[in-house]
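Asks: Any chance you could fold what I've pasted below:
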Amino acid sequence: MYHAVAHQPARATHGLSVSPGAFAEQMALLDERGFTPVTTARLGECWRSGGRTPLPRRPVLITFDDGYEGVHRHALPVLAQHGFASTLFVSTGWLRGAHEEGGALDTMLDWDQVRELAEAGTEIGGHTHSHPQMDQLDDERLRYETVRCRDIIADEVGERPLSFAYPFGYSSRRVRETVREAGFAQSLAVGNALARPAQGPYAINRVTVRRGTGAEEFARLVEGRAIGRAFARDRALTKGYAMVRRTRRALTVVRGGVR
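Replies: Numbers count the residues shown, from 1 in each chain. The predicted model follows:
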């Protein structure tokens, strides 16, 4: 899971960014070790078919969240060099253009760049319209964020998106059901663990790549080694914050904010 790819990202995106040089080294490592990147849609199709639609040897997902401009400027040439597929999950209200509503953390893609990425083989997936914590929304806003994102992508790219990623990785049974009802066939969380069919199509795990992810750590992560140790602190923080969000959600319900 990538976010911004930039030499000098904004402060808000710095920790979850990677430098163009690091990204190039990481893609070269995948190539050297015989990994074959696939789109999220292809992974979902294989798992739904019970393997009748096979995956290549050593499959891996390369995903980008939010829609930062550096994905086009810096990542696309590297992906093209290696012939790698990827999936870009866009928050449609953050992208530059007719649907922009503000709130973006850094320079974002415009729709011409998104279409160029799609034409180059990048799957374009949904990431809501305004990048909220989906499990904190009432039912009406939850559906709006999901459907609005889906419809804008379909209009701008010419193809209805099949895959979705939850902003911040947060979801719940209600969120996952809303995403399914909107027509998305699979959705990605974070989890910082390897993706497995047993997770189900609407809670597929990913591993976070950060500014501080060095070459040796990246190699261990893609080989599936020591992932639990690498993200132990993240998981502890996630569990603690999950309790806070459940309490906040319960208070909202009590106050009549959820219909």
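
Asks: Please make it C-alpha for all contacts and neighbour counts, starting now.
Replies: Noted.

Asks: does the residue positioned nearest the centre of the chain belong to a helix or a strand, and which?
Replies: For the chain, the residue sitting closest to the mean C-alpha position, by Cα atoms, centre = their mean, is Asp65 at 4.1 Å. Under the criterion of DSSP states H and E, Asp65 resides in strand 63-66.

Asks: and that strand, what does it pack onto?
Replies: strand 86-90 (3 or more Cα pairs under 8 Å, 6 or more residues apart in numbering; DSSP states H and E).

Asks: same for the next helix or strand after the strand it packs on, what does it pack against?
Replies: The helix or strand immediately downstream of strand 86-90 is helix 111-119, counting by DSSP H and E. Helix 111-119 is packed against helix 139-157, with contacts defined by 3+ Cα pairs under 8 Å, 6+ apart.

Asks: what sits up against whichever helix or strand comes after the helix it packs on?
Replies: Using DSSP H and E, the helix or strand that follows helix 139-157 towards the C-terminus is strand 163-165. The set of residues external to strand 163-165 that reach it, using Cα atoms under 8 Å, 6 or more residues apart in numbering, is 40-41, 65, 89, 124-127, 179, 184-189.

Asks: Test my guess that Gly67 contacts Leu105.
Replies: No - Gly67 is beyond contact range of Leu105, at 10.4 Å (criterion: Cα atoms under 8 Å).

Asks: Looking at these two, which has the bigger crowd around it?
Replies: Set side by side, Gly67 and Leu105 show more neighbours around Gly67, with 28 against 15, by other Cα atoms under 10 Å.

Asks: so what's that one up against?
Replies: Per Cα under 8 Å, 6+ apart, neighbours of Gly67: His3, Ala4, Leu88, Phe89, Val90, Ser91, Trp94, Leu95, Met108, Leu109.

Asks: one step back: between which two of the contacts of strand 163-165 is the distance greatest?
Replies: Greatest spatial distance among the contacts of strand 163-165 (Cα to Cα): Asp65 and Ala185, at 17.7 Å.

Asks: sorry, back to before: could I get the pLDDT score of the residue nearest to the centre of the chain?
Replies: With respect to pLDDT, Asp65 scores 98.

Asks: Then Ile227?
Replies: Per-residue pLDDT puts Ile227 at 88.

Asks: That one is in contact with Gly191, isn't it?
Replies: No - here Ile227 does not reach Gly191: they are 10.5 Å apart, not a contact under Cα under 8 Å.

Asks: ok so, going back, can I get the strand holding Asp65 in CSV? Just the C-alpha atoms.
Replies: Extracted in CSV, the C-alpha atoms of strand 63-66 (Å, rounded to 0.1, in the frame of the first residue of the first chain):
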residue,chain,number,x,y,z
THR,A,63,-1.8,-0.2,-4.7
PHE,A,64,-1.9,3.6,-4.3
ASP,A,65,-4.4,5.4,-2.1
ASP,A,66,-5.9,8.9,-2.4
